[in-house]
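>>> next comes the sequence, and after it the predicted model I'd like to discuss.
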Number of protein chains: 2
Amino acid sequence: MELKLRNALKTDMHSVLELIKELAAFENEPEAVTISEKILMEDGFGENPSFKVYVAELKNEIVGMALFYNRYSTWKGKSLHLEDLIVKNNHRGKGIGSALYTKVLRYAHDNHFKRVAWEVLDWNKVAIDFYKSTGAKVFDVWRVAQMDEEGLSNYIGNKGLIIN
Amino acid sequence: MELKLRNALKTDMHSVLELIKELAAFENEPEAVTISEKILMEDGFGENPSFKVYVAELKNEIVGMALFYNRYSTWKGKSLHLEDLIVKNNHRGKGIGSALYTKVLRYAHDNHFKRVAWEVLDWNKVAIDFYKSTGAKVFDVWRVAQMDEEGLSNYIGNKGLIIN
């Protein structure tokens, strides 16, 4: 198997978006993806990119990707967040996900990040077991909270102006 | 109550660190804070700051803070992460946390972020109820995974070089 891992190019964003959609479908939220190829090209490239992507290539076909960006831990300092790690369904079980994961962790290690964080679904036992086998910790006590654009608009429109 | 919310200055990092330590103690992990005032000053200020902080001031005393930074959602686009929202123990119950929270959400709304995310401990029912009352969603199915510096060093040192 001639697996090649490399930095994504702007022209790879079409394939990257396909993978994002495949992951969202796996996570039972296919219609949650509202991002476009154009936005990914704008946000990921240029002077101040919002993320970095590694792609995995097999015979010139992009079969996986890892998308990550900087975060900050107030306990530890500069950290990295692995937002998505995706391998095409028909290419799973070949170690491609593991290779992408390792490449991101090596980037973090080589660049002296204090921590790498990511999120995993509690029913994805295969993934959780894999992460733990590499020395990662998976926490039971933290919950992810989010407010989306509509929520922001409702909250700031209705209540925000009163307080400050 | 003359509450003033403003952007933190470099010279506020001493007070900010005190608040970080107070939150870590509340979360039963006081010794987990290894960051220093100097590192906060370097990382939060200058050309490419890693985070932004709002502080809450009462009679020239900093009694709370909210620290946040950019993230990226592959489903929605540019998003914000609220890393810490802290109010000094003896100043809770006065709406200071709520005012800081709202200021961060307004920043996200005004700057067209697609989402704001944060994490909350599952036993912190007061916080969870408050977040839900503002329209935020708190997810049960996601787990936070992390690998710290030591884990990175072990994993990359032991296994990483084999794979790629």
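Thanks, I have it.

>>> just the helices in chain A please.
Secondary structure of chain A (DSSP state H): helices located at A:13-26, A:37-44, A:96-110, A:125-133, A:149-155, A:161-163.

>>> so which bits of the longest strand along chain A are buried?
Of all the segments of type strand in chain A, defined by DSSP state E, the longest one is strand A:61-73. For strand A:61-73, the neighbour count (16 or more other CB atoms under 10 Å in any protein chain shown) marks A:62-73 as buried. Backbone N, C-alpha and C define where each C-beta goes, glycine included.

>>> neighbouring strands - and their directions - for it?
strand A:52-58 (antiparallel), strand A:77-87 (antiparallel) (DSSP bridges).

>>> and those: which comes nearest A:H14?
Nearest of those to A:H14, taken as CB to CB: strand A:52-58 at 11.4 Å.

>>> what comes into contact with the closest one?
A:1-8, A:12, A:15-16, A:44, A:62-69, A:87, A:91, A:96, A:99-100, A:103-104, A:107 (CB atoms under 8 Å, 6 or more residues apart in numbering or on different chains).

>>> at 6 Å what do you get?
A:3-5, A:8, A:12, A:62-68, A:96, A:100, A:103 (CB atoms under 6 Å, 6 or more residues apart in numbering or on different chains).

>>> how about the backbone phi and psi for the spatially closest residue to A:W123 that is not a sequence neighbour?
Distances taken as CB to CB, 6 or more residues apart in numbering or on different chains put B:V141 closest to A:W123, at 7.1 Å, once the chain neighbours are dropped. For B:V141, the backbone dihedrals (degrees, to the nearest 10) come out as phi -90, psi -20.

>>> can you tell me how far B:V141 sits from A:E119?
10 Å (CB to CB, to the nearest Å).

>>> which non-adjacent residue is nearest A:H91?
Using CB to CB, 6+ apart, the nearest residue to A:H91 is A:V63, at 4.3 Å.

>>> I figured the one you found hits A:K88, correct?
Yes - in this structure A:V63 lies within contact range of A:K88 using CB atoms under 6 Å: 4.7 Å.

>>> ok, residues contacting stretch A:63-83?
Contacts for stretch A:63-83 (CB under 6 Å, 6+ apart): A:16, A:19, A:51-56, A:84-88, A:91, A:96, A:100, A:104, A:108, A:113-118, B:20, B:32-33, B:35, B:39, B:50-51, B:67, B:69, B:72, B:74, B:83-84.
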